[in-house]
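*Asks:* Would you be able to build a 3D model of this:
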Amino acid sequence: MYAYAEEQKVPPSRRVTIHEQTVRRFDVGRDARRDPGSDAARFSLAFGFPVHGKSVDYVSEDRDGFVEDNARDAGFAQADAGAPAAKSAGVDSFSVKWTKNPISGPTIAKLRLDHAVKFTKDATHDPAVAEFRQNAFHVIEITAGPNKGFKSDNSPLHDDNYSRADDDNGRALSEVDFTSNDNPGSRDIDKDDVVDYTFTAEHIIDTSAGNKVVAKRGPHTGTITGKDPRAYGGVPATLYAGRMAASSPSRSDDLERAWWSRLPRLLYAPTPVFAELRDDSREAADARQEPLVALTGLAGIAMFVGLVALAPPYDRFHTDLSAVSMTFETVLGGALVALSNFWLGGALIYLGARGLGATTGYRLARHIAGLATVPFVLVLFLAVPVRLGLYGVDLFRAEGGDGGAGGDIFVAIDALALLWTIALLLVGIRTVQRWPWGRAAAALGVVALFAILFGTLAFASTR
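*Replies:* Below is the predicted model of the structure:
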């Protein structure tokens, strides 16, 4: 095993509570320091993972390979004698701020969490009976680079051993203010390591005697993906009043602008963009709504033009094929195709992923389906204008002038865009679900089976 489990009592300087608790800790480094001849020490040396003891300024005593999830600037709280039984815990304010860690760089990839609590102190509330907890887990894989193959996963959410004892100013339990921080992520990696890292945490204020929850923030997820310079997702964000803070307009605009800037990268570096979908919080989902609507709408127009060129429908209705009417109907038809791609395509991806064991929701599947249609936006701007310039409304006639080798070239372009879209679906499923290629391909196969089934039923209903 790369890590071992040890039962130990938490010393008072590490966690001050009314009742003594037993915790399970996983720490390769600590085992290696205690016994240099142990398996943990040999593993550490074999893989070149440095062993760290306790220190301040972001260096953790709890380390699994490249991963540090417990690195905090910890102070020491002085335990009070106790609180009157009649008083209870209360919170006036409680926020958790997620940011990209300022020490991040080519060999360090870290997030920063800053916790700030103001406890209620009055005739019926006593800060001394309140306790702070962080439940968290990380998942990391280095998919390419010098350290390719490294993996670590300590899910699901578990107690991360934070408490009031970790006040970064050493405040006493009787004081109303509490501040602390966490610095999860990876260090001592190579700048060319392609990192796929996720850290999820929730923060709880409860009563130290009965673990009765008084306030809760999260869970929220931050991500770090790619090689240097790496992409940071889910940050900046501030959790306040039990949900993501109603950010200022500039904050919402910044998130939306970030998604607009990501869309072109789907064409040449899609993996980090799809990794951003793992943050499925309401704020993150809202930020990508308008870019998704624009992308799927434009792609739908290109798909509609390709479809009517293959099977022109208008000869049956003796329709006047004026340029104005064709423009209107193309935009309307493109909107219908976009809705079908987004909602029906999303449903197929949801069914395929669920069939292979995914637990993610329908909204995430819709967003994968929408982003994957980006090749047709390229077709719309590069190929469709040329096609319309050459053939005009003949595209919509069965006996139009778009037949022959010229028309076949544009059909081939549409086919290549479709294959590109399918490849992006595969990348999206694999990235979001953190699956190997085989499992992601199997899920896409289930999607294809459902698509063939529904297509056959739709075709049969028209005969």
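
*Asks:* The protein - how does it break down into domains?
*Replies:* 55-246, 290-462 (automatic domain parsing).

*Asks:* for those, which one sits closest to Trp259?
*Replies:* Among those, the nearest to Trp259 by C-beta to C-beta is domain 290-462 (4.5 Å). Every residue, glycine included, has its C-beta placed from N, CA and C.

*Asks:* Average pLDDT for the closest one, rounded please.
*Replies:* Taken as a whole, domain 290-462 has an average pLDDT of 86.

*Asks:* Could you do stretch 177-196 as well?
*Replies:* Per-residue scores along stretch 177-196 average to 91.

*Asks:* Keeping just the C-alphas, turn that stretch into PDB.
*Replies:* Taking Å, rounded to 0.1, in the frame of the first residue of the first chain, the C-alpha atoms of stretch 177-196 are listed here in PDB:
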ATOM      1  CA  ASP A 177     -13.900  35.900  15.600                       C
ATOM      2  CA  PHE A 178     -12.300  32.900  13.900                       C
ATOM      3  CA  THR A 179     -10.100  32.900  10.800                       C
ATOM      4  CA  SER A 180      -8.200  30.000   9.200                       C
ATOM      5  CA  ASN A 181      -7.100  28.800   5.800                       C
ATOM      6  CA  ASP A 182      -6.400  25.800   3.700                       C
ATOM      7  CA  ASN A 183      -3.900  25.500   0.800                       C
ATOM      8  CA  PRO A 184      -4.800  22.200  -1.000                       C
ATOM      9  CA  GLY A 185      -3.000  21.200  -4.200                       C
ATOM     10  CA  SER A 186       0.200  19.800  -5.600                       C
ATOM     11  CA  ARG A 187       3.900  20.800  -5.300                       C
ATOM     12  CA  ASP A 188       7.200  19.500  -6.500                       C
ATOM     13  CA  ILE A 189       5.600  18.600  -9.900                       C
ATOM     14  CA  ASP A 190       7.200  19.300 -13.200                       C
ATOM     15  CA  LYS A 191       6.100  22.300 -15.400                       C
ATOM     16  CA  ASP A 192       5.300  19.800 -18.200                       C
ATOM     17  CA  ASP A 193       3.100  17.600 -16.000                       C
ATOM     18  CA  VAL A 194      -0.500  17.600 -17.200                       C
ATOM     19  CA  VAL A 195      -2.400  17.800 -14.000                       C
ATOM     20  CA  ASP A 196      -6.100  16.900 -13.500                       C
END
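
*Asks:* and it, which residues are buried?
*Replies:* 178-187, 189-190, 193-196 (16 or more other C-beta atoms under 10 Å).

*Asks:* who are the neighbours of the helix or strand containing Phe381, in terms of helices and strands?
*Replies:* Here Phe381 is covered by helix 374-382, with elements defined by DSSP states H and E. Using 3 or more C-beta pairs under 8 Å, 6 or more residues apart in numbering; DSSP states H and E, the elements in contact with helix 374-382 are helix 289-310, helix 405-433.

*Asks:* and the first one, how far from the chain's centre?
*Replies:* Here the centre of mass of C-alpha atoms in helix 289-310, compared against the chain's by C-alpha atoms, centre = their mean, to the nearest Å, lies 26 Å away.

*Asks:* Please export the C-alpha coordinates of it as PDB.
*Replies:* Extracted in PDB, the C-alpha atoms of helix 289-310 (Å, rounded to 0.1, in the frame of the first residue of the first chain):
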ATOM      1  CA  GLN A 289     -25.500  29.700 -20.200                       C
ATOM      2  CA  GLU A 290     -25.200  32.600 -22.700                       C
ATOM      3  CA  PRO A 291     -22.000  31.200 -24.400                       C
ATOM      4  CA  LEU A 292     -23.700  27.800 -24.700                       C
ATOM      5  CA  VAL A 293     -26.900  29.300 -26.200                       C
ATOM      6  CA  ALA A 294     -24.800  31.300 -28.800                       C
ATOM      7  CA  LEU A 295     -22.600  28.300 -29.600                       C
ATOM      8  CA  THR A 296     -25.500  25.800 -30.000                       C
ATOM      9  CA  GLY A 297     -27.600  28.200 -32.000                       C
ATOM     10  CA  LEU A 298     -24.800  29.000 -34.500                       C
ATOM     11  CA  ALA A 299     -23.900  25.300 -34.800                       C
ATOM     12  CA  GLY A 300     -27.600  24.500 -35.300                       C
ATOM     13  CA  ILE A 301     -27.800  26.800 -38.400                       C
ATOM     14  CA  ALA A 302     -24.800  25.100 -40.000                       C
ATOM     15  CA  MET A 303     -26.300  21.700 -39.300                       C
ATOM     16  CA  PHE A 304     -29.700  22.800 -40.800                       C
ATOM     17  CA  VAL A 305     -28.000  24.000 -44.000                       C
ATOM     18  CA  GLY A 306     -26.200  20.700 -44.300                       C
ATOM     19  CA  LEU A 307     -29.400  18.700 -43.700                       C
ATOM     20  CA  VAL A 308     -31.600  20.500 -46.200                       C
ATOM     21  CA  ALA A 309     -28.800  20.200 -48.800                       C
ATOM     22  CA  LEU A 310     -28.900  16.400 -48.300                       C
END
